[in-house]
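A.B. asks: Here's my sequence, what's the structure:
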Amino acid sequence: MKRFIYIAGILLVLCMAIVSFVRYADLESDRNRPDDRIQSSRELLTSNPHESALRMRRPPTNAPHTSEPSEDILLVNAENPLPKEFHPENLVNLYDQKHRHFQLAQADIEVCETVFEAMDAMFAAAQKEGVKGFIITSGYRSREEQKEIFSTSTDGTAARPGESEHETGLAFDVTTMGDENFELTPQFEWLSNHCAEFGFIIRYPKGMEDVTGYPYEPWHYRYVGKAHAANIMDKELTLEQYLEER
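C.D. replies: Numbering: from 1, shown residues only. Have a look, this model is predicted:
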């Protein structure tokens with residue numbers, strides 16, 4: 001009986017030794033085997049760090065679209081109407097800007113904040129050169145306001161609702177006191193020579209009615225940013241022509 005217990009003990013010890021050896025061998029095998037998942041991640045980070053960073057920060061495809069313009073220029077005309085739900089962000093009331101360098105035809109005119117900062121800098125520069133008396137007559141218009149203007153227009157020049165640049169908050173109309181033809185004023189001469197320096201273009205140039213779909217409007221200015229404005233004004237292009245060239 002004692003001999004049987006002794007043999008059983010020896011066998012148990014041998015079994016435990018064999019199990020331990022097998023586990024150790026498997027562990028060493030796992031350590032030496034390349035981890036494909038970790039290796040792929042490292043290759044992604046080290047092969048092109050800029051690309052990998054973009055991938056990690058890229059928003060999902062169903063991310064909400066912002067109406068704030070970025071590098072792309074917002075084109076609004078009869079062929080490119082604004083969606084019904086469009087509403088510009090960061091509108092500011094021009095009457096509330098007490099140290100502005102221009103006058104207002106009414107107290108409720110609004111434009112996007114970026115546009116205000118650019119136009120105020122522009123009119124301040126004109127003032128330093130002795131050109132004053134700019135009066136802003138129109139800025140942002142809601143869809144309902146544009147509907148009313150279109151329905152009461154008798155000359156056929158008013159844009160249809162959704163097709164007006166004024167609904168973007170990126171455009172304004174300007175005039176000066178006592179002059180019916182703004183094109184003949186020193187204010188227009190200064191703006192036509194310098195507006196691009198501040199990111200603005202004459203949106204509806206003379207002789208381009210067939211391209212823009214609107215008659216010549218020397219009083220209507222649109223913000224597109226300095227780089228774009230310089231190219232458009234230097235080449236004497238419409239916004240439509242400029243975007244076709246890009």
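
A.B. asks: Residue ranges in the protein under the pLDDT threshold?
C.D. replies: Counting by pLDDT under 70, the chain shows low-confidence ranges at 1-71, 179.

A.B. asks: Okay, helices next: where are they in the protein?
C.D. replies: Along the chain, counting by DSSP state H, helices occupy 2-32, 36-47, 49-57, 113-128, 143-152, 186-194, 209-212, 226-234, 239-245.

A.B. asks: Show me what counts as buried in the fourth one.
C.D. replies: Neighbour counts using 16 or more other Cβ atoms under 10 Å place 114, 115, 116, 117, 118, 119, 120, 122, 123, 126 of helix 113-128 among the buried residues. C-betas here are computed from N, CA, C, even on glycine.

A.B. asks: Quickly note the distance from the second one to residue 158.
C.D. replies: If I follow you right, that is residue 115. The gap separating residue 115 from residue 158 is 22 Å, by Cβ to Cβ, to the nearest Å.

A.B. asks: again, but for the first one
C.D. replies: Applying Cβ to Cβ, one obtains 26 Å for the distance of residue 114 from residue 158.

A.B. asks: And residue 203, by the same measure?
C.D. replies: 15 Å.

A.B. asks: who has more neighbours, these two?
C.D. replies: residue 203 (22 against 17; other Cβ atoms under 10 Å).

A.B. asks: pretty sure that one contacts residue 221?
C.D. replies: Yes. Residue 203 lies in contact with residue 221 (Cβ atoms under 8 Å); the separation is 6.7 Å.

A.B. asks: what residues are shared contacts of these two?
C.D. replies: Common neighbours of residue 203 and residue 221 (criterion: Cβ atoms under 8 Å, 6 or more residues apart in numbering): residue 171.

A.B. asks: which residues touch residue 159?
C.D. replies: By Cβ under 8 Å, 6+ apart, the neighbours of residue 159 are 146, 150, 165, 166, 214.

A.B. asks: Residue 110 now?
C.D. replies: 91, 92, 93, 94, 139, 140, 169.

A.B. asks: May I ask which of those has the most neighbours?
C.D. replies: So for those (other Cβ under 10 Å), the most neighbours sit at residue 169, 28 neighbours.

A.B. asks: for residue 133, phi and psi?
C.D. replies: Main-chain dihedrals, residue 133, degrees, to the nearest 10: phi 80, psi 20.

A.B. asks: The nearest residue to it once chain neighbours are set aside - how many residues pack around it?
C.D. replies: Excluding its sequence neighbours, the residue lying closest to residue 133 (Cβ to Cβ, 6 or more residues apart in numbering) is residue 176, at 4.7 Å. Neighbours of residue 176 under the rule other Cβ under 10 Å: 17.

A.B. asks: Now distance to residue 81 too, for the buried residues of helix 113-128, in JSON lines please.
C.D. replies: Formatted as JSON lines, these follow (distance: Cβ to Cβ, whole Å):
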{"residue": "114", "distance to residue 81": "23"}
{"residue": "115", "distance to residue 81": "21"}
{"residue": "116", "distance to residue 81": "25"}
{"residue": "117", "distance to residue 81": "28"}
{"residue": "118", "distance to residue 81": "25"}
{"residue": "119", "distance to residue 81": "25"}
{"residue": "120", "distance to residue 81": "30"}
{"residue": "122", "distance to residue 81": "29"}
{"residue": "123", "distance to residue 81": "31"}
{"residue": "126", "distance to residue 81": "34"}
